[in-house]
Structures are given as C-alpha cells and as structure tokens.
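model this:
(one chain, ligands or ions: 1)
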Amino acid sequence: MDFPIFHLDFMGDRLLIAIIAVLHVLINHGLAVGFIPLVTWLEYLGFKKGGQQNVVNNEWDTLAYRLMTVAFIITTTIGAMTGVGIWLSSSLVNPASIGSLIRVFYGAWFVEWLVFVTEVVLILIYYLSWKKSLTSVEAKAKHIRLGTALSIFSWITMSIIVSILGFMMDSGSWAENKTFMAGFTNPIYLPQLAFRTPLAALMAGALALFLARIFTPKDSAIRLESGRKIALWMLIAVPFTLIGATVYYLRIPDLMIGNLPVAVGTMEFQSWYDLLVKFIIGALVSVLVVAGLVFFKPTLKIPSVLYIIPVIGMLAFAGIFERIREFIRKPYVIGNYMYSNTFRKDEYPLYKRDGILAHATYSPVKEITPENQLIAGEQVFLLTCSRCHTTHGINSVVEKFEDMYSLKPNESLNKDLMKNYISHIENARYFMPPFPGNETELEALIAYIQHIQSTGLAPDKLETSLNTK
Ligand code: HEC
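Below you'll find the predicted structure:
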C-alpha cells in the first residue's frame, strides 16, 4: 500500500522470484553447503594417502581441486548474482513483506552479512591458495583446516536464512509477543534445518559423483575408489534426509497440508498429485540405487549416462521442494501476519470500513465514480490480485474465471457470479487471501476484469485506451 506496484504481466511476479530463488538454492545447497565439506574430505583423504614421502597423493588432490574449481566458478558467479537477485526481485514484488522481515530479523541479517562476507573471503583464499598448499605438510594441513572453516561458515549462512524461511511459514508465538527470539525460534525452523542439511549433502554427493566420473580416467583405481567414497557420503545422507523430511512434514500446519496437491502440481494437475508423489519417491530411490551400486558393486560397469540420474533427481527434488514451501504458506507471505497480497491481517477491518484505495499511497484514484470505475478497478486488481495473477499471462485471472465457469469461446463473464465468488474467495480456495476492499471496490474490480476479458488489454494499456476513446 505504501509502495508503487511492480507488475510483470506476461510471466507473473511469483515466477520471477521463483526462478531466481530456486536457482540460488540449488547452487547454495548443491555446490556450497553440501559440496565444500565433501571436497575438504576428499582433500583430506588425498593428504592421508600421500604417506611418508609425499605431501599428498596427486591424483586425489587433483580430483578434489577440480571439483572445487567447478564449485568456485559457479558459486562466485551465478550463485552470488542470484543471491542478490532474490533481494532485488522480492523487494520489487513485495516490498512490504521484505520491510517487515527486515524489522524482525535485523540483527540476524546483520550477523548473516558478516558471516557471508567471511565465507566469501574464505572461499577466495581456499581456492586460490590450493597450489601453494602443496609445498609442505604443514601448509596442506592448514589448507584443510581452512576448508573446514569454510564448510562451517557456509552452513551458518544457510542456518540463519532458514529461520527466516520458517518464520514466513509459521510465525509461531511471535504474532502475540513480537520479540526477535520468538520469531527466530519459530516452530518450523529446526525441523527445516534438520531436513536441509542432509539434503544439501545428498545433492552435493550426486553432483560430485557425476563430476568425478568426468574428471577421472576410465578404469582407473581412483575412479573406483573416489566413486565409492562419494557414494558412501550419499548413502549416509539418505536416512538423515528421510528423517529430516518426516520431522519437517509433521511440523507443517494442517491447513497448509491442504494446499499440497495444488502446490505440487498446480490446479490443473492436482489430481495427478499421487502420481507426482510417486515420481518424487522414484527419483529418490533411483539416487539410492545408483549410489548403492557404486558403493557395493564398484567393479560393475555402470554406463556414464546413469550418473546423470541422481543429479537430475536431486535437483528436481530440491526444486519441487522449494516450490512447495513457497506455495503452501499461502494465503500468507508471513504466517498469520501478512497476506501474500501485502495486506496485513490486522488491518482488514480498517480497509473494509474505508476501502483500500483511500489508503493506497500510489493509487491515482481514491474515490470511485462511474467515470473512473475502470481505472479504479485496475488499481484494485493490482493491489489485491496481481501478486499472484496476471491479466493475460501465466495464471491469468481472466482465464481462471473463464475456466472455472467453463465458458464457451466469446461468452462473457457473469458479474453476479464473480461478485459472489470474490466475496468468499478464501472459502473457495484456502490459498487465496480474503478480498480486503469494500463493495464499490469489488464492483470496480469486476468491471475491470470484464473489460479486459472483452478487450484483451494489459494493465498498463488501460489509461491510453480510455483516453483515445
Ligand atoms: C496468494 C496468491 C493469490 C492471490 C492474492 C489471488 N489468487 Fe486467485 N489463485 C491463486 C492460485 C495459486 C490459483 C490456482 C492456480 C493454479 O494452480 O491453476 C488461483 C486461482 C484462482 C481462480 C480459479 C479458482 C478455481 O477454483 O478454479 C480464480 C477465479 C481466482 N484465483 C481469482 C482471484 C481474484 C479475483 C483475486 C484477487 C481478488 C485473486 N484470485 C487473488 C493465487 C492467488
């Protein structure tokens, strides 16, 4: 309400954040949080294999170095940029919620910033001093300690952010007492951390197993042995991931579980929910099978292409998990406090009384007249629906109504049906927030939706089209 509205009509605002954020999580978990400790462990194994004569076993050290090269390049470029991208996109799409989160988590974010800067410095030193560390046993031992410190710092950055993610789903007792500690120790925090930590290890294992296959010569002893070590790493992570997932699932509030079918498959495919769940389980089992074969049957000739299955399986699994997490907290962006449309729950009575436009700083229309009804309706749409819907793009509000009422081509939307629906929208679909405006605003919104249905106009074209009439 206090900010101008940014709206991407072709793809929707949600998708903009989702693409950037999911990519970031995949890189953060798969190539930093889970990957760095694995690389450090492989480096340590190479160090031990060096024996009395050499500082390290060259083959092992080179493998660890190559894996780290991949992690270094991707995390410091796409990883870092998508991290900034999350801030950019989410503060464009929902500045009010980011504002609230910053007020609650100010101290946590400040610490996180310090930890993150330390992490960046450590990763630079760790990677760039690798060659130098080969000069003496002491230098190598120090380098491995550096890798351990880097692993710890990457985990801490994740662990702070996970608290904020948990808070957005279920703000716990914070809603009553509003203290930082109540927010930080929200009920979903530790369960989600208990899930993400082994998940990151498993994702990293899948990636490393695939990369090690590329980086080692065919039929070599190191391919066999390093493959076994990485597979062991994955096999250890699997039970923890399953336990973490269960603990986390059990902590998700019941109402949110009701959102799951649409969260997993969208409304169109929600009836495929069971099939999709089977698919997700299938992906995990295939990860387990590949890791199991590599570990227990190391001499078995597994075609290289099969190594890509755990990678795809894990990336898809983590991606779906993020989409679900983002979706099931709806209708809230901050659990029980702020709805996804940026309106605070407590302020609803105020808006019902005065209307939303009266409080919308950037709306050109504050009071609705027959002349400005469409312009007002557009504002109401932008304020109450556009965080999740477009006019004609992905999740188009026009199409949703047409589909819901099974309209024939060229058939117009019915005003009374829509009015009735939007007045009780939260009962129809739990994931949508109640309509915050008053009766005239609801009518303006409907007039606007009917208008864009018949004209096909996008939001920024309305004013020009009205002026030229
Ligand atoms: C918090 C996000 C959010 C907000 C805000 C929101 N919607 Fe939705 N709406 C959705 C989602 C998600 C779907 C289902 C999309 C899918 O999976 O196909 C949906 C579906 C719908 C449907 C189809 C329902 C059905 O059962 O077929 C209609 C109609 C609709 N929305 C209208 C609106 C209108 C009008 C507004 C504004 C007053 C609005 N929505 C606000 C997220 C939202």
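
Model confidence for the residue nearest to I27 when sequence neighbours are not counted, exactly?
Using C-beta to C-beta, 6 or more residues apart in numbering and skipping residues adjacent in sequence, the residue nearest I27 is G79, 4.2 Å away. Where you see a C-beta, it was placed from the backbone N, CA and C, and this is true even at glycine. At G79, the predicted lDDT confidence score is 96.

go on, the one 3 residues further on?
In the predicted model, T82 carries a pLDDT score of 97.

host element of it?
Per DSSP states H and E: T82 is located in helix 80-93.

and whichever residue of the stretch 1-150 of the chain sits closest to the ligand, what does it touch?
Here the stretch 1-150 of the chain gets closest to the ligand at one residue, R14, 7.6 Å apart by C-beta to the nearest ligand atom. Neighbour list for R14: 93, 326, 387-388, 395 [criterion: C-beta atoms under 8 Å, 6 or more residues apart in numbering].

let's see it at 10 Å
Each residue near R14 by C-beta atoms under 10 Å, 6 or more residues apart in numbering is listed here: 8, 93-94, 323, 326-327, 330, 340, 387-390, 394-395.

Can you report how many residues lie near the residue nearest to I27?
A count of neighbours around G79, defined by other C-beta atoms under 10 Å, yields 20.

Please verify my assumption that V365 contacts L383.
No: using C-beta atoms under 10 Å, V365 is not in contact with L383, being 11.4 Å away.

what do these two both touch?
Common contacts of V365 and L383 (C-beta under 10 Å, 6+ apart): L357.

more crowded one of these two?
A side-by-side neighbour count of V365 and L383, using other C-beta under 10 Å, places L383 first with 25 against 19.

That one touches Y339, doesn't it?
No: contact status for L383 versus Y339: not in contact, 11.4 Å apart, counting by C-beta under 10 Å.

Kindly provide the distance from the residue nearest to I27 to F35.
Note on G79: its distance to F35, by C-beta to C-beta, to the nearest Å, is 11 Å.

so what's the residue nearest to L42 when sequence neighbours are not counted up against?
Distance criterion C-beta to C-beta, 6+ apart; nearest residue to L42, sequence neighbours excluded, is A64 at 4.2 Å. Contact partners of A64, counting by C-beta under 10 Å, 6+ apart, are 38-47, 56, 130, 144, 147, 208, 212, 215, 226.

Tell me which of these fall in helices.
Under the assignment DSSP state H, the contacts of A64 contribute 38-47, 144, 147, 208, 212, 215, 226 to helices.

quick one: which of these is most hemmed in?
Counting neighbours by other C-beta under 10 Å, the top entry in the ones in helices among the contacts of A64 is A208, with 31 neighbours.

Verify the stated contact: it with L232.
No: using C-beta under 10 Å, A208 makes no contact with L232, being 11.7 Å away.

quick one, the helix or strand where V115 lies and helix 80-93 angle?
Assigned by DSSP H and E, V115 falls within helix 106-128. If you take axes from the mean of the first three to the mean of the last three C-alpha atoms, to 10 degrees, helix 106-128 sits at 160 degrees to helix 80-93.

average pLDDT across helix 106-128?
So the average pLDDT for helix 106-128 ends up being 96.

mind listing what's buried in it?
Across helix 106-128, burial judged by 16 or more other C-beta atoms under 10 Å covers 108-109, 112, 115-116, 119-120, 122-123, 126-127.

Stretch 455-466 too?
For stretch 455-466, by 16+ other C-beta under 10 Å, it's 457, 459, 462.

for stretch 440-455, same thing?
Applying a neighbour-count criterion of 16+ other C-beta under 10 Å, the buried positions in stretch 440-455 are 440-453.

Identify the residue spatially nearest to H359, adjacent ones excluded.
M1 (5.5 Å).

That neighbour: how many residues sit nearby?
Counted with other C-beta under 10 Å, M1 comes out at 18.

where do the contact lists of L383 and Y339 overlap?
By C-beta under 10 Å, 6+ apart, L383 and Y339 have these common neighbours: P436.

Return the residues of the stretch 151-300 of the chain in contact with the ligand.
262, 266-268 (C-beta under 6 Å from any ligand atom).

So this protein: which segments form each domain?
Domain assignment for the chain by automatic domain parsing gives 13-339, 350-467.

Check whether the last one comes near the ligand.
Yes: for domain 350-467 and the ligand, the contact criterion (C-beta under 6 Å from any ligand atom) is met by 384-385, 387-389, 395, 397, 400-401, 404, 422, 428-429, 431-433, 435.

Just the buried residues of those residues.
Using 16+ other C-beta under 10 Å, the buried ones in the residues of domain 350-467 next to the ligand are 384-385, 387-389, 395, 397, 401, 422, 431-433, 435.

now those in a markdown table, with secondary structure and pLDDT?
Shown next, in a markdown table, are those (DSSP: H, G, I helix; E, B strand; the rest coil; pLDDT from 0 to 100):
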| residue | secondary structure | pLDDT |
| --- | --- | --- |
| T384 | helix | 97 |
| C385 | coil | 97 |
| R387 | coil | 95 |
| C388 | coil | 95 |
| H389 | coil | 96 |
| N395 | coil | 94 |
| V397 | helix | 96 |
| F401 | helix | 96 |
| I422 | helix | 98 |
| F431 | coil | 93 |
| M432 | coil | 96 |
| P433 | coil | 97 |
| F435 | coil | 97 |
